[in-house]
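J.: generate coordinates for the sequence data below:
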Amino acid sequence: MTTYNFAAGPAVMPKPVIDQIQAELPSFQGSGMSIMEISHRSALFDQVISDAEADLRELMGIPANYRVLFFQGGGTLQFTAAPLNLATKHHHIGLLDSGHWASRAADEARRVGTKVDILGTAADNHFTALPTLDQPVDQALDYVHLTTNNTIEGTAYTMLPQTGHVPLVADMSSNFLGQQYQVTDFGMIFAGAQKNLGPAGLTIVIVRDDLIGQAQNLPSMLDYQLFADKRSMFNTPPVFAIYAAGLVLKWLKAQGGLAAMEQRNRDKAALLYDFLDQSKLFTSHVKPADRSLMNMPFVTGKPALDAQVIAGATDRGLLNLKGHRLVGGMRASLYNAMPKAGVQALVDYLADFEATHAKEELTDVSN
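T.: Numbers count the residues shown, from 1 in each chain. Next up, the predicted model:
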């Protein structure tokens, strides 16, 4: 039985990458040492991290005045690191409240003494649509925080809010490399790797040169300027995670780059959304214009029935469809490495389940 992993993260990785990792694991490049054993100061790893940065720059069109940093601590650590490094003039940021992770970012910024203005919120529609700016952005803000893709709620930004001269800082964790954005539209982008880039343990930070180096006496492990100066090797970096991410980046280049990948993701998403929109049993509550290409929550409206759907899907090798505990229901995450065949298998299963459920209900009524 073929299995498909619809987990929101850690998530599916490309099979050719998994196969290459398996083949190279005992002896990396004939060194007699595993990638998990080699020194981060070795020439072998220097090539790995240099190639990863070069390939990422090529794929995203990252200009020379932006630094690429390799961090640990997940995207959540950047909720703290970003205000410490960038909110240095007024200690005051704006934030668009698009859901759980945006709210978490606001909480963490406040913990380090940063004032946070909520510039717009989607709480009134239960985060089924994106918030918009309620008024022009105060140009004295240090930056505006934006979550480009809301993993739990299933919304994503295609058109970015206009913030004037105030830098936009994007948590791009769950649609990084799956949807195209212009790097120069942002002062900073950060993303946990475990959705579209590789295994958990690595976070990418892409930050404009002029925004860093202003903070004083930061903890070393949170200092963007220090990491830039040390080429992300102030301490031992996550060697294996960077290696795996580097393989994924080469796989992305072989697939035709981000434009080709985004089109594939749009095709996959359309397959599932088209089914949900015509279904009489399953519903997506997300506003169509704001729907994510990566994460698709849906429900039957009955928790017990949702549980049956998930159990049946698991039996058919359609794994990790349980929705986040905050919203329940089901959630299919269609990251880059999810093949269209997996989405088709899911749609076929949901159609079968709906047909069977309809027959059972008709039988119950007739009895």
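J.: strands of this structure, start to end?
T.: Using DSSP state E, the strands assigned to the chain run over residues 4-5, 66-71, 92-97, 115-121, 144-147, 149-150, 155-156, 168-171, 188-192, 203-208, 295-298, 318-319, 330-333.
J.: could those be laid out in a markdown table, adding mean pLDDT and distance to Val137?
T.: The C-beta positions use only the backbone N, C-alpha and C, and glycine is treated the same way. Below are the strands of the chain laid out as a markdown table (pLDDT from 0 to 100; distance: least, C-beta to C-beta, whole Å):
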| stretch | mean pLDDT | distance to Val137 |
| --- | --- | --- |
| strand 4-5 | 98 | 40 |
| strand 66-71 | 98 | 22 |
| strand 92-97 | 98 | 6 |
| strand 115-121 | 97 | 7 |
| strand 144-147 | 98 | 6 |
| strand 149-150 | 98 | 21 |
| strand 155-156 | 98 | 21 |
| strand 168-171 | 98 | 10 |
| strand 188-192 | 98 | 16 |
| strand 203-208 | 98 | 18 |
| strand 295-298 | 98 | 27 |
| strand 318-319 | 98 | 42 |
| strand 330-333 | 98 | 32 |
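J.: would JSON lines of the ones you listed with distance to Pro238 and mean neighbour count be doable?
T.: Putting those into JSON lines (distance: least, C-beta to C-beta, whole Å; neighbours: other C-beta atoms under 10 Å) gives the following:
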{"stretch": "strand 4-5", "distance to Pro238": "22", "mean neighbour count": "20"}
{"stretch": "strand 66-71", "distance to Pro238": "7", "mean neighbour count": "22"}
{"stretch": "strand 92-97", "distance to Pro238": "28", "mean neighbour count": "22"}
{"stretch": "strand 115-121", "distance to Pro238": "30", "mean neighbour count": "17"}
{"stretch": "strand 144-147", "distance to Pro238": "23", "mean neighbour count": "26"}
{"stretch": "strand 149-150", "distance to Pro238": "23", "mean neighbour count": "27"}
{"stretch": "strand 155-156", "distance to Pro238": "27", "mean neighbour count": "24"}
{"stretch": "strand 168-171", "distance to Pro238": "19", "mean neighbour count": "25"}
{"stretch": "strand 188-192", "distance to Pro238": "12", "mean neighbour count": "27"}
{"stretch": "strand 203-208", "distance to Pro238": "9", "mean neighbour count": "24"}
{"stretch": "strand 295-298", "distance to Pro238": "24", "mean neighbour count": "26"}
{"stretch": "strand 318-319", "distance to Pro238": "26", "mean neighbour count": "19"}
{"stretch": "strand 330-333", "distance to Pro238": "22", "mean neighbour count": "24"}
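J.: could these be laid out in a markdown table, adding distance to Ile18?
T.: Output for the strands of the chain, formatted as a markdown table (distance: least, C-beta to C-beta, whole Å):
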| stretch | distance to Ile18 |
| --- | --- |
| strand 4-5 | 11 |
| strand 66-71 | 21 |
| strand 92-97 | 36 |
| strand 115-121 | 40 |
| strand 144-147 | 29 |
| strand 149-150 | 24 |
| strand 155-156 | 27 |
| strand 168-171 | 27 |
| strand 188-192 | 19 |
| strand 203-208 | 21 |
| strand 295-298 | 22 |
| strand 318-319 | 15 |
| strand 330-333 | 18 |
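J.: for Thr132, find the nearest of these.
T.: Closest to Thr132 of the strands of the chain is strand 115-121 (C-beta to C-beta; 5.3 Å).
J.: packing partners of the closest one?
T.: Secondary-structure packing of strand 115-121 (3 or more C-beta pairs under 8 Å, 6 or more residues apart in numbering; DSSP states H and E): strand 92-97, helix 100-111.
J.: for Tyr4, which of those is the nearest?
T.: It's helix 100-111; of these, that one is closest to Tyr4 (C-beta to C-beta) at 24.9 Å.
J.: what's the angle between the closest one and strand 92-97?
T.: 160 degrees (axes from the mean of the first three to the mean of the last three C-alpha atoms, to 10 degrees).
J.: quick one: helix 100-111 to strand 115-121, angle?
T.: Counting by the same axes, to 10 degrees, helix 100-111 lies at 160 degrees to strand 115-121.
J.: output helix 100-111 as PDB, nothing but the C-alphas.
T.: Provided in PDB are the C-alpha atoms of helix 100-111 (Å, rounded to 0.1, in the frame of the first residue of the first chain):
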ATOM      1  CA  HIS A 100      -2.400  31.400  16.300                       C
ATOM      2  CA  TRP A 101       1.200  31.900  15.200                       C
ATOM      3  CA  ALA A 102       0.800  35.600  14.700                       C
ATOM      4  CA  SER A 103      -0.600  35.900  18.200                       C
ATOM      5  CA  ARG A 104       2.300  33.900  19.600                       C
ATOM      6  CA  ALA A 105       4.700  36.200  17.800                       C
ATOM      7  CA  ALA A 106       3.000  39.200  19.500                       C
ATOM      8  CA  ASP A 107       3.300  37.500  22.900                       C
ATOM      9  CA  GLU A 108       7.000  36.800  22.600                       C
ATOM     10  CA  ALA A 109       7.800  40.300  21.400                       C
ATOM     11  CA  ARG A 110       6.000  41.800  24.400                       C
ATOM     12  CA  ARG A 111       8.000  39.500  26.700                       C
END
